[in-house]
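Trainee: give me a 3D structure for the following:
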Amino acid sequence: MEEKNDTGPHHFSMPAWISCAPFEQLLVMEIVRAQSGEAVLKMPFLKQFAQGAGLMHGGALVSLADTAVVMAIKSVLDPETHFGTISMESRYHHPVKKGILTARAVVTERQGRTLKGACDVIDEAGRTVMTFTSVFKVARDAAIRGISFQKTDAEAK
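Mentor: From the prediction side, this is the model:
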């Protein structure tokens, strides 16, 4: 019998609306808090996340920041609401060589079905190693609870 690679579509059930999906579990992300349009996540720098020079791969950092903004957005949407990233921008400030990273995300703006978010990724020394902004589109007829928008440390400067 020939072995088949299962390339999807994949169906799985998550334990809760605000919880890590399989990709986030692969990156060992932990949701510390997600409520009222804010989220804090943590992720260790494991060897598997290194690029060729031994620094943390930029894609792993973006995944952490994007997921943090997603969790902040989920905290203001009804469970099972469909939404997706339509754009993102990341700016790298310092290389990551070790440790556990903290991502602090906030929902910054809402215009109709469009939500904007921002995230600062901080290393164990307290340095902001990356700033990240993104835009999401919510499916039609989805409820968005009242939220107050905040600026990240980088935006306040």
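Trainee: contacting residues around the top helix by length along the chain?
Mentor: Counting by DSSP state H, the longest helix found in the chain is helix 58-74. Under the criterion C-beta atoms under 8 Å, 6 or more residues apart in numbering, residues 17-18, 20, 23-24, 27, 29, 31, 34, 37-41, 43, 49, 51, 81, 83, 85, 88, 90, 92, 96, 101, 103-107, 115, 117-119, 121, 129-130, 132, 134, 136 lie in contact with helix 58-74. For glycine as for every other residue, the C-beta is placed from the backbone atoms N, C-alpha and C.
Trainee: strands - which of those residues land there?
Mentor: 31, 34, 38-41, 43, 83, 85, 88, 90, 92, 101, 103-107, 115, 117-119, 121, 129-130, 132, 134, 136 (DSSP state E).
Trainee: could you turn the buried ones of the residues you listed into a PyMOL selection?
Mentor: Buried residues within those, by 16 or more other C-beta atoms under 10 Å, are selected in PyMOL with:
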select buried, resi 31+34+38+39+40+41+43+83+88+90+101+103+104+105+106+107+115+117+118+119+121+129+130+132+134+136
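Trainee: any weak-confidence spans in this protein?
Mentor: 1-4, 141-157 (pLDDT under 70).
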